[in-house]
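**Student:** sequence-free structure coming up:
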């Protein structure tokens, strides 16, 4: 956009917003909403002006903290009860007809906070224009009757018209290192002065301040060791895949704000590999799935109920025409940047854990996908995954994930952090040797029987791939500390036909949500029934699982069966009573786990993969992923969620051979394969 025209549009819309803050032109019921929202946008404008004048970085820590608090205070704690960001409150104050959609609009406008700190005046302009246009419809109401259809059309066409620029920007943030707002903070800020945290425009709580100060107190050697573990895992991912990393130029870094000292060391490591970092902001707009897990540069959840309330806000404008338009834009954006996409290596992720497990309140006032939208969302995710894979090829990229605790985990945070560093750097050679002995037994079987004990009702039989050449082939991958840190699992893609029974776990934390007494029944490898006990109403329980585990699919296949071997991590969880707070990344290593969704080899099934003993891992497909040969849209579900049974709920894992003989891998929560005794030592010491 022409700079002069852009400046003129910005001045016009901000001038109009300042007038709205003082007007009384809309029906009385809506007056406070529009005035408060206009005042919020005035604060955004003031912040942008300071940014453009170079004054934000000069603010004292007290001033920066005050500004930060002012932007976020209405969604913090009890304040959320009377915030227009809360759909329940908005409906109570504004009525059923407009409460939900105006709450959605205010929540979308909150993206302007980040735009102000980044200096993105054009983005603030278009959202300001949307607000002014909606205000105009209310101000034009005759006899206080507002045209609902006109309001909804205005919102719909806004996202239709601007999806091109928004999607293009989103792709560039992933693959273009010249968009360096976040990289500049990581690499050039004075990390000893915690004012730098406020430069992001994200809510900075005591948690982010404490973790930054904690990392600042560490000796350089320990910081470098953490960074080395993270980046070496990434490098090994390419080695194990047989992919030439030297052909790649960018790596997408995901990290929690406060970890900049470690990330800075990691960026330097990546640069030695020939990789430049790309970093962007955790999604704020519904367009990019706000509230569906933390990624990019992020802070711990400001208010998990707020995020849950707005996770399906796309329902306000999501239809087939919009989906087709967005897919068209996605493809054209990738096509115009295919050189950048072709040299992108994939994500390197730092996760955090230690927040209280969240059990959401389900509100009727929240936006919810209707059945047709649910189907469209599944279709969109499938098609978008295919398009992305065309330009950032699955068989030419890798990833790594590592996790650390944050101070909210409790008073023993520092001890837990040190334990986690140790877990992330366990002797992978020892685990490799032990896990190979377990795989040697598993490879003799036709199926595996998993049985719970005590109150655990698991009774599940997993069908295994049939080996054609046992001397050269294997069913299970020997997973050590490369892309998936920490060390400690063997896994396979089960054969679906013949995989039957019940999976049950008393409590599990999935995708940042807590599930109580989760049960899933499988028939020929696919989920046929499911429930939990989070809510008194069974319909709510099923809906909770359908939205957050099945991701709106009618069913999902079992994409992975694995046996976690990291008993040290399990004992840490029990010692500090943090089992419910562990991320999937660590939790999956603390017992057998079953992933529903895609296999671990999604989009890379045709790549030969080998264990350290030289045998090829041949169980890379299942009956669903094999459909890619005829219809790609049926082969991938674009989700993969691991559900772990802890050792103390596990009766036995038993290999069943073709001749009817059996051999236990685990019995009564202890490993019994000869040569695996070392895994029991942490359990015995506990």
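**Tutor:** It's in. All of these numbers come straight from a predicted model, not from anything done at the bench.

**Student:** where does the stretch 151-300 of the chain dip in pLDDT?
**Tutor:** Along the stretch 151-300 of the chain, the parts satisfying pLDDT under 70 run over 291.

**Student:** what ranges do the helices span in it?
**Tutor:** 181-188, 206-216, 220-241, 260-272 (DSSP state H, counting those that start in this stretch).

**Student:** tell me which of those sits most buried.
**Tutor:** Among these, helix 260-272 has the highest mean neighbour count (mean count of other Cβ atoms under 10 Å), at a mean of 20. Using the backbone N, CA and C atoms, a C-beta is placed for each residue, glycine as well.

**Student:** next, the angle from it to helix 206-216.
**Tutor:** Counting by axes from the mean of the first three to the mean of the last three Cα atoms, to 10 degrees, helix 260-272 points 60 degrees away from the direction of helix 206-216.

**Student:** other SSEs contacting helix 260-272?
**Tutor:** helix 181-188, helix 206-216, helix 220-241, strand 250-256, strand 276-278, strand 344-353 (3 or more Cβ pairs under 8 Å, 6 or more residues apart in numbering; DSSP states H and E).

**Student:** picking that back up, out of the helices of the stretch 151-300 of the chain, flag the one nearest residue 345.
**Tutor:** Closest of these to residue 345 is helix 220-241, at 7.6 Å (criterion: Cβ to Cβ).

**Student:** contacts for that closest one?
**Tutor:** For helix 220-241, the external contacting residues (Cβ atoms under 8 Å, 6 or more residues apart in numbering) are 215, 244-245, 251, 261-263, 265-266, 268-270, 273, 345, 348, 350, 395, 398-400, 402, 404, 421, 424-425, 481-485, 604, 607, 609.

**Student:** please enumerate the strands of the stretch 551-686 of the chain.
**Tutor:** Taking DSSP state E, counting those that start in this stretch as the test, the strands found in the stretch 551-686 of the chain are 558-564, 592-597, 616-617, 640-644, 650-656, 662-667, 670-671.

**Student:** mind checking which of the ones you listed is nearest residue 255?
**Tutor:** Of the strands of the stretch 551-686 of the chain, nearest to residue 255 by Cβ to Cβ is strand 640-644, at 21.5 Å.

**Student:** how about that closest one: buried residues?
**Tutor:** 640, 641, 642, 643, 644 (16 or more other Cβ atoms under 10 Å).

**Student:** re earlier: buried subset of the contacts of helix 220-241?
**Tutor:** Taking 16+ other Cβ under 10 Å as the criterion, what is buried in the contacts of helix 220-241 is 215, 245, 251, 261-263, 265-266, 269-270, 345, 348, 350, 398-400, 402, 404, 424-425, 481-485, 604, 609.

**Student:** out of the helices of the stretch 151-300 of the chain, flag the one nearest residue 146.
**Tutor:** Set against residue 146 and scored by Cβ to Cβ, these come closest in helix 181-188, at 38.7 Å.

**Student:** what packs against the closest one?
**Tutor:** If contacts are counted by 3+ Cβ pairs under 8 Å, 6+ apart, helix 181-188 sits against helix 260-272, strand 276-278.

**Student:** what about 7 Å?
**Tutor:** Of the remaining helices and strands, those touching helix 181-188 by 3 or more Cβ pairs under 7 Å, 6 or more residues apart in numbering; DSSP states H and E are helix 260-272.

**Student:** between the helix it packs on and strand 250-256, how many degrees?
**Tutor:** Interaxial angle of helix 260-272 relative to strand 250-256 (the same axes, to 10 degrees): 170 degrees.

**Student:** how far away from the center of its chain is helix 260-272?
**Tutor:** Here the centre of helix 260-272 is set off from its chain's centre by 22 Å, with Cα atoms, centre = their mean, to the nearest Å.

**Student:** what angle do that helix and helix 181-188 make?
**Tutor:** Using the same axes, to 10 degrees: helix 260-272 against helix 181-188 is 100 degrees.

**Student:** residue contacts, the residue nearest to residue 354 when sequence neighbours are not counted?
**Tutor:** Of all residues beyond its chain neighbours, the one nearest residue 354 is residue 409 (3.0 Å), with distances taken as Cβ to Cβ, 6 or more residues apart in numbering. Shown in contact with residue 409 (Cβ atoms under 7 Å, 6 or more residues apart in numbering): 354, 416, 578, 581.

**Student:** what about the helices in the stretch 301-450 of the chain?
**Tutor:** Counting by DSSP H, counting those that start in this stretch, the helices of the stretch 301-450 of the chain are 304-309, 320-336, 338-342, 371-391, 413-424, 428-442.

**Student:** in TSV: these, plus distance to residue 64 and mean pLDDT.
**Tutor:** Below are the helices of the stretch 301-450 of the chain laid out as TSV (distance: least, Cβ to Cβ, whole Å; pLDDT from 0 to 100):
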stretch	distance to residue 64	mean pLDDT
helix 304-309	23	94
helix 320-336	35	95
helix 338-342	34	97
helix 371-391	37	91
helix 413-424	25	95
helix 428-442	43	94
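
**Student:** these: which one's closest to residue 631?
**Tutor:** Closest of those to residue 631 is helix 371-391, at 10.4 Å (criterion: Cβ to Cβ).

**Student:** buried sites along the closest one?
**Tutor:** Applying 16+ other Cβ under 10 Å to helix 371-391 flags 373-374, 376-378, 380-389, 391 as buried.

**Student:** which residues does the residue nearest the centre of the chain contact?
**Tutor:** Taking Cα atoms, centre = their mean, the centroid of the chain lies closest to residue 293, which sits 3.4 Å from it. Applying Cβ under 7 Å, 6+ apart, we find residue 293 in contact with 511, 512.

**Student:** quick one, phi/psi of it?
**Tutor:** phi 90, psi 150 (degrees, to the nearest 10).

**Student:** separation between it and residue 310?
**Tutor:** Per Cβ to Cβ, to the nearest Å, residue 293 is found 14 Å from residue 310.

**Student:** closest to residue 195 among the contacts of residue 409?
**Tutor:** residue 354 (24.6 Å).

**Student:** ok so, going back, could you dump the helices of the stretch 301-450 of the chain to JSON lines with distance to residue 538?
**Tutor:** Shown next, in JSON lines, are these (distance: least, Cβ to Cβ, whole Å):
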{"stretch": "helix 304-309", "distance to residue 538": "20"}
{"stretch": "helix 320-336", "distance to residue 538": "32"}
{"stretch": "helix 338-342", "distance to residue 538": "45"}
{"stretch": "helix 371-391", "distance to residue 538": "19"}
{"stretch": "helix 413-424", "distance to residue 538": "37"}
{"stretch": "helix 428-442", "distance to residue 538": "37"}
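
**Student:** between those, which one is nearest to residue 517?
**Tutor:** helix 304-309 (20.3 Å).

**Student:** rewinding a little: report the two of the contacts of residue 409 separated the most.
**Tutor:** 416 and 581 (9.5 Å).

**Student:** circling back: CSV for the helices and strands packed on helix 260-272, including distance to residue 628?
**Tutor:** Below are these laid out as CSV (distance: least, Cβ to Cβ, whole Å):
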stretch, distance to residue 628
helix 181-188, 35
helix 206-216, 42
helix 220-241, 18
strand 250-256, 25
strand 276-278, 28
strand 344-353, 20
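
**Student:** of the ones you listed, which is nearest residue 617?
**Tutor:** helix 220-241 (10.5 Å).

**Student:** select the longest strand from this structure.
**Tutor:** Assignment by DSSP state E gives strand 495-510 as the longest strand of the chain.

**Student:** after that one comes which helix or strand?
**Tutor:** Toward the C-terminus, strand 495-510 is succeeded by strand 513-523 as the next helix or strand (DSSP states H and E).

**Student:** buried set for that following strand?
**Tutor:** Neighbour-count burial for strand 513-523 [16+ other Cβ under 10 Å]: 513, 514, 515, 517, 518, 519, 520, 521, 522.

**Student:** centroid-wise, who is the farthest residue in this structure?
**Tutor:** Furthest out from the centre of the chain (Cα atoms, centre = their mean) sits residue 143, at 46.6 Å.

**Student:** list the contacts of it.
**Tutor:** Applying Cβ under 7 Å, 6+ apart to residue 143 gives no contacts.
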